[in-house]
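A.B. asks: Quick one, structure for this:
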Amino acid sequence: MNRRLLQIATAVLACVPTATGLLAMTGLDDPLYNTLQLPRDATLDSNLRFYAGVWLGLGAAAFWLLPRIERETVLFRFLWLMIFIGGIGRLLSLALAGMPLPPYVGFTVLEVIGAPLFIWWQSRVAQAAMKS
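C.D. replies: Next up is the predicted model:
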């Protein structure tokens, strides 16, 4: 559970919101939504692009904190809290709208179970850094 492993895991995971955020900035033309044949609605497109920008920003913030991961506890926890809350939203969707595509079930597990684990891991790395 060392610093370098946490940095690597965080960098790998930060690639997801960065890449998918950039792709989703295409709004309704995002390949994921394009296959659903959604109506060409400006409000829906605007919201998709807005949330894509927030998601992209989360990825950028995760990359930004990497060199100081043991000292950026507040930001690290806040980013994972955002992801955790997003996972709660997915659980609500699952309960109210039904089962999503299988990868989204996996995302939900990472968001709801992984978020607390990453926060715990970073706290261990931060404590170890303070002792040295």
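
A.B. asks: residues contacting the residue nearest to the spatial centre of the chain?
C.D. replies: Central residue of the chain (Cα atoms, centre = their mean): I83, 5.0 Å from the mean position. Contacts for I83 (Cβ atoms under 8 Å, 6 or more residues apart in numbering) come out as L58, L110, E111, G114, A115. The C-beta positions use only the backbone N, C-alpha and C, and glycine is treated the same way.

A.B. asks: all helices for the chain, in order.
C.D. replies: Using DSSP state H, the helices found in the chain span residues 3-24, 31-34, 42-65, 73-97, 102-109, 115-131.

A.B. asks: Excluding chain neighbours, what is closest to T108?
C.D. replies: Nearest non-adjacent residue to T108, counting by Cβ to Cβ, 6 or more residues apart in numbering: R90, 4.3 Å away.

A.B. asks: before we move on, the earlier item: comparing the helices of the chain, which gets the lowest mean pLDDT score?
C.D. replies: Here these differ in mean pLDDT, and the lowest is helix 31-34 at a mean of 86.

A.B. asks: Which strands and helices lie in contact with it?
C.D. replies: Of the remaining helices and strands, none touches helix 31-34 by 3 or more Cβ pairs under 8 Å, 6 or more residues apart in numbering; DSSP states H and E.

A.B. asks: buried ones in that helix?
C.D. replies: Y33 (16 or more other Cβ atoms under 10 Å).
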